[in-house]
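Student: curious how this folds, go ahead:
(one chain, ligands or ions: 1)
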Amino acid sequence: MNLPSRVTLVDVGPRDGLQNEKQPVATEHKAQLVAMLQAAGLREIEVTSFVSPKWVPQMADNEAVMAAIARQPGVRYSVLTPNMKGLEAALPTKPDEIVVFAAASEAFSQKNINCSIAESIERFAPVVEAAHAAGLKVRGALSCAVGCPYEGDISADQVERVVLLMKGIGVDHLGVADTIGVGTPRKIQAAMERALKHYPLVEVSGHFHDTYGQALSNIYACLELGVHNFDASVAGLGGCPYAKGATGNVATEDVVFMLNGLGLETGIDIDKLVDAGAYISNVLGRPPVSRVGRALLAKRAG
Ligand SMILES: CC(C)(COP(=O)([O-])OP(=O)([O-])OC[C@H]1O[C@@H](n2cnc3c(N)ncnc32)[C@H](O)[C@@H]1OP(=O)([O-])[O-])[C@@H](O)C(=O)NCCC(=O)NCCSC(=O)C[C@@](C)(O)CC(=O)[O-]
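Tutor: From the prediction side, this is the model:
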């Protein structure tokens, strides 16, 4: 089987990873995390979100974080914007890309962004148009692509329905997200195939939480389809505020270790990545969730 020879990883740790932290994380630590990720070779980093600070207090310093990052040429910095208010606040901070986020589940859409799927698409349409007018690419995240914490199983038909809605408003890239990590390889492939019916391979990505330990298998299953863009979160940081019990995204270190073993290029230096994971874990006062991170740190310590 021919797997893609090169894989692009978006580290979503600074946003998805930290958004659910109860203790405030200082802006300087967030900026330092971004600096260490780019030093490790990450070329796409999801930095923050322009959402309501009442809903997600940890992201309230979005403007300050965007001002504090030391931008490196060739690195793309993305931010989440759920509505025009978010986009208008984000644009002056000069992101390279914005992310709108819908769900394949009505209940999750209500809990996460306080509106139905149809209303969310209506809200995103002017965001996409304005982002394009500003020369920015728009990624779309599609949450609960295989399962929802409120509705249970989600069918591939439900996924395709929202994929088409996103495509209809001009979203450039479609990220298939297993928000609560219940997906297994064939289910993930079924959801992914619906995205691939409407988006080219290069504009589809996987975003897999590792709650049930399936994320690496799911990434491999997507590689088998030729998908070569994935989100991951350094140190396995994260969890969604609207998906109780869901753990973080698959750890970037674990993904890079697997891809290195498969001989697939990422351009990422795993030792520097482990440093970034150790740094933020130290800030948070707990060991990295990443098994590779923990193993390599233990090896270093002798
Ligand atoms: C979407 C809203 C804002 C709707 O929230 P709402 O309450 O329906 O909005 P509203 O328009 O009625 O406004 C209510 C208040 O929020 C303010 N407001 C309104 N919009 C903004 C904004 N953009 N930035 C800052 N403030 C905003 C607005 O100004 C007003 O302020 P007030 O008058 O009460 O002082 C809210 O539901 C929200 O912020 N939700 C948070 C969603 C979120 O961040 N979820 C986590 C990220 S998604 C995710 O993690 C999943 C993903 C992407 O990783 C993939 C996966 O794994 O599934």
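
Student: what backbone torsions are found at residue 215?
Tutor: As for residue 215, its main-chain torsions (degrees, to the nearest 10) stand at phi -60, psi -40.

Student: give me the pLDDT for it.
Tutor: Confidence at residue 215, expressed as pLDDT, is 98.

Student: OK, contacts around the residue nearest to it when sequence neighbours are not counted?
Tutor: In space, and not counting its chain neighbours, residue 215 is closest to residue 250: 3.5 Å by Cβ to Cβ, 6 or more residues apart in numbering. To be clear about C-beta, it is placed using only N, CA and C from the backbone, and glycine gets the same treatment. Residues counted as contacts of residue 250 (Cβ atoms under 8 Å, 6 or more residues apart in numbering) are 208, 209, 210, 215, 216, 219, 230, 232, 233, 236.

Student: against the ligand, how distant is residue 112?
Tutor: 5 Å (Cβ to the nearest ligand atom, to the nearest Å).

Student: which residues are in contact with that residue?
Tutor: 101, 103, 143, 240, 242.

Student: from memory the last one sits against residue 111, does it?
Tutor: The reference is to residue 242. Yes: counting by Cβ atoms under 8 Å, residue 242 touches residue 111, with 4.5 Å between them.

Student: the two: which has the busier surroundings?
Tutor: Each of residue 242 and residue 111 has its neighbours counted (other Cβ atoms under 10 Å); residue 242 has more, 21 against 17.

Student: for that one, give its distance to residue 39.
Tutor: Plainly put, residue 242 is 32 Å away from residue 39 if you go by Cβ to Cβ, to the nearest Å.

Student: so residue 207, which of the three states?
Tutor: Following DSSP: H, G, I helix; E, B strand; the rest coil, the label given to residue 207 is strand.

Student: ok, residue 213 to residue 167 distance?
Tutor: In terms of Cβ to Cβ, residue 213 sits 32 Å off from residue 167.

Student: comparing the two, which residue is more hemmed in?
Tutor: Neighbour tally, residue 213 and residue 167, criterion other Cβ under 10 Å: the higher count belongs to residue 167, 16 against 11.

Student: the more buried one and the ligand, how far apart?
Tutor: With distances taken as Cβ to the nearest ligand atom, residue 167 is found 18 Å from the ligand.

Student: can you tell me the helix or strand for that residue?
Tutor: For residue 167, the host element (DSSP states H and E) is helix 156-168.

Student: flag every buried residue along that helix.
Tutor: Within helix 156-168, the residues scored as buried using 16 or more other Cβ atoms under 10 Å are 156, 158, 159, 160, 162, 163, 165, 166, 167.

Student: contacting residues for the closest residue in space to the fourth one that isn't next to it in sequence?
Tutor: The shortest distance from residue 160 to any residue that is not its chain neighbour, by Cβ to Cβ, 6+ apart, is 3.9 Å, and that residue is residue 194. With contacts taken as Cβ under 8 Å, 6+ apart, residue 194 has the following neighbours: 156, 157, 159, 160, 163.

Student: now residue 113
Tutor: Listed by Cβ under 8 Å, 6+ apart, the contact set of residue 113 reads 82, 101, 120.

Student: ok but the last one is inside a strand, no?
Tutor: No: remark: residue 120 does not belong to a strand; assigned using three-state DSSP, it is helix.

Student: grab the nearest non-local neighbour of it.
Tutor: Spatially, and ignoring its direct neighbours in sequence, residue 120 is nearest to residue 102 (5.0 Å; Cβ to Cβ, 6+ apart).

Student: quick check: bridge partners of that neighbour?
Tutor: Under the criterion DSSP bridges, residue 102 forms beta bridges with residue 142.

Student: that one and residue 124 touch, don't they?
Tutor: Yes: the criterion here is Cβ under 8 Å, and residue 102 meets it with residue 124 at 7.0 Å.
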